[in-house]
Every structure is written in structure tokens, then in C-alpha cells.
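next come a sequence and a model predicted from it.
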Amino acid sequence: MLLLGGTGEARRLALALTEAGGFDVVYSLAGRVREPRVPPSCRVRIGGFGGPAGLAEQLRSERIDAVVDATHPFAARMSASAATAAAATGVPLLVLRRPGWTAQPGDDWRRVPSLPTLTDLIDRFVPPRRGTAADPCPRVFLTTGRSDLALFAGLHRPWFLARCVEAPTGALPPRLEVILDRGPFDVAGETALLRRYAIDVLVTKDSGGAMTAAKLTAARALGLPVIMVDRPPPPAGFPVVSDIAPATHWLTALATCRNAAAGASSGAVTA
Ligand code: NAP
């Protein structure tokens, strides 16, 4: 099977399949991170496939029986490509997406439908607590990832703190400080960070999951607003699960059907 990775769920699924036994897993990464966390037990391939046609070609040439798309909820191009290639080749595709975050009492979230709709909102944002002070420029904590920083390059008023796994390249906002770090993060650390940089507003994608959720708890405790970017919908027409267990179950059921069909066509009886 081909496991499109890049998330903690993908790694956990790879480990679960190794434990279950009987699966030959190819773990695929885009190659964005210099030292990726990869599961120890599978073959790893790195780099794009060359769009849906390239992926379809790989599915055929590698004789892949099933694809699990366990990429990040915002990796929309890869997900669309997997859906197109699966439809073209008839290879079963399962989408594994962790649930998004849900606001709790005390949260002040403003949802936006996509990243590009964010820039105008941030440019106009007036910090509630410092709006009448001498410097009304918002201090914005961006946790949307380095590849999205170019979107804010034209904004001269806000001051940005961006946290990324790898150093950003390309166009960047003029008033920017970057910290390099990768989760998991805890509430005490996130609260201290928001305080140290006197952050007025937190900007995040609705990635979901526990690894990076502490910033939301910290923002709630400090009474800070959060601008939450909605995730794109998963590709239509394919099963979607939100956890490892149903994904393992789906793959096991598929393998059972396949083995039964192979046994029936050869006339063999297997245990
Ligand atoms: P994307 O925009 O959907 O993908 C862009 C291109 O990168 C895809 O068309 C594909 O190239 C290649 N690609 C992406 N994921 C791949 C994979 N697992 N294996 C092989 N090729 C892959 O996605 P992205 O936002 O660049 O994210 C890239 C990777 O980083 C994903 O695996 C994702 O899980 C992870 N990630 C993304 C985010 C995020 O916020 N977007 C955050 C954390 C981690 P071809 O068209 O040439 O096949």
C-alpha cells in the first residue's frame, strides 16, 4: 500500500500496520523538511509524483493495492491528486483526516474560509487592548507555516512573529521575527511565548490534533482573539476516517477481500 504521509497520524498508522503484519507499506513524503520524522518500519520515498498522472503511473508500475491519504488537512493539492489518480486507476483510496478544533467557552475565535482572505483582516486588525495606544499596530503570532508567509509580504503595519519548522525563504513581511521550532508544545510554554512577545492576536489553520493545540488554551487563558483558517474539504467520493483504528480496519478488510478473491481464482484454500 501507499501511505501519503507528513503527519503524526500517518506515522502512527504505519506503526500500527507493522504491528498488525502482512502489509508492505511505502511511506511517501513531499520532502519539505530536512530531517523528517519517518516510521522505522517501512520503505520511504521522498518527493512529488509529478501530479495526478505521475501518481497514477506509480500506482500501476508499483502494483499498489490501496492508497491512504494521511497528509496534512491543508495539503489540498496532494489530496486532490490522490483522488484523481485513484479514480483513474481504480485503486481504492481512504482519506485519514484528524478532526478539526472546536471552540470552547471563553474562546474568541474568528473563522475565515481560506488563507488569502486573512490578509485584509489582519491588515485592518486593531488590537483591543492597545488600539488607543501610541502604537496601534497589531502584534500577530502566525503559526500557519513558512510556505504561507509570502501572503503577508505586502503588509507593512502589523508586526509578525512566525513559528516554523524550517527557515522561511522567498517574500516575507517587513516586520517579522521568526522562531524555529516544532511541536509538541505545552500550555505553559505557549502562555510564556504569547506574554514575552506581547501578542495581540493568534493566527492558525484549523489543523486539529493535540500536538499544537496548547496555543489555543494559552490564548483562551490570556483572553486573546484567534483567527482560525477553515480547512479545505476532503476530496469528494472517497471514504474518510478520523483515526488510526478505522483506517487499519479498512485496510485489513480490503486485504481479506483481495486474498479471498485470489484464493477463489486459483482454487486454493488458505488459512
Ligand atoms: P500540497 O500543497 O497539497 O502539495 C504540493 C505538492 O507536493 C503535491 O502536489 C505533491 O507533488 C507534493 N506532495 C505533497 N505531499 C506529498 C507526499 N506525502 N508525498 C509525495 N509528494 C507530496 O501540500 P503541502 O502543503 O505542500 O504539504 C506538503 C507535505 O507537508 C504534506 O505531506 C503535508 O502532509 C505536510 N504538511 C503540510 C502542512 C500544511 O499546512 N500544508 C503542515 C504540516 C505538514 P506532485 O504534484 O508532484 O505529486
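Perfect, thanks for sending it. Numbering: from 1, shown residues only.

so what's the residue count around L94?
Residues lying near L94 (other Cβ atoms under 10 Å) number 22. Using the backbone N, CA and C atoms, a C-beta is placed for each residue, glycine as well.

beta partners for it?
Beta-bridge pairing of L94 under DSSP bridges involves V68.

so it makes contact with S79?
No. L94 lies out of contact with S79 (Cβ atoms under 8 Å); the separation is 11.7 Å.

where do the contact lists of those two overlap?
Common contact partners of L94 and S79 (Cβ atoms under 8 Å, 6 or more residues apart in numbering): D69.

tell me if stretch 56-64 is near the ligand.
No. Taking Cβ under 6 Å from any ligand atom as the criterion, stretch 56-64 and the ligand are apart, separated by no less than 9.2 Å.

so which bits of the stretch 101-250 of the chain are right by the ligand?
Residues of the stretch 101-250 of the chain lying near the ligand (Cβ under 6 Å from any ligand atom): G145, K205.

mind saving the C-alpha coords of the longest helix that the chain contains as PDB?
Of all segments of type helix in the chain, defined using DSSP state H, the longest is helix 244-266. Output of helix 244-266 as PDB, limited to C-alpha atoms (Å, rounded to 0.1, in the frame of the first residue of the first chain):
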ATOM      1  CA  ILE A 244      -5.900   5.100  13.100                       C
ATOM      2  CA  ALA A 245      -8.200   2.200  14.200                       C
ATOM      3  CA  PRO A 246     -10.800   2.500  11.400                       C
ATOM      4  CA  ALA A 247      -8.000   3.000   8.800                       C
ATOM      5  CA  THR A 248      -6.400  -0.200   9.900                       C
ATOM      6  CA  HIS A 249      -9.800  -1.900   9.800                       C
ATOM      7  CA  TRP A 250     -10.400  -0.600   6.200                       C
ATOM      8  CA  LEU A 251      -7.000  -1.900   5.100                       C
ATOM      9  CA  THR A 252      -7.500  -5.300   6.800                       C
ATOM     10  CA  ALA A 253     -10.900  -5.700   5.200                       C
ATOM     11  CA  LEU A 254      -9.500  -4.800   1.800                       C
ATOM     12  CA  ALA A 255      -6.600  -7.300   2.200                       C
ATOM     13  CA  THR A 256      -9.100 -10.000   3.300                       C
ATOM     14  CA  CYS A 257     -11.300  -9.400   0.200                       C
ATOM     15  CA  ARG A 258      -8.200  -9.400  -2.100                       C
ATOM     16  CA  ASN A 259      -6.800 -12.600  -0.600                       C
ATOM     17  CA  ALA A 260     -10.200 -14.300  -0.800                       C
ATOM     18  CA  ALA A 261     -10.500 -13.300  -4.500                       C
ATOM     19  CA  ALA A 262      -7.000 -14.500  -5.200                       C
ATOM     20  CA  GLY A 263      -7.800 -17.800  -3.500                       C
ATOM     21  CA  ALA A 264     -11.000 -18.300  -5.400                       C
ATOM     22  CA  SER A 265      -9.400 -17.600  -8.700                       C
ATOM     23  CA  SER A 266      -6.600 -20.100  -8.000                       C
END
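
quick check: mean pLDDT across stretch 263-271?
Averaged over stretch 263-271, pLDDT sits at 60.

cool, stretch 13-28 as well?
Averaging pLDDT along stretch 13-28 gives 94.

what does stretch 202-209 give?
97.
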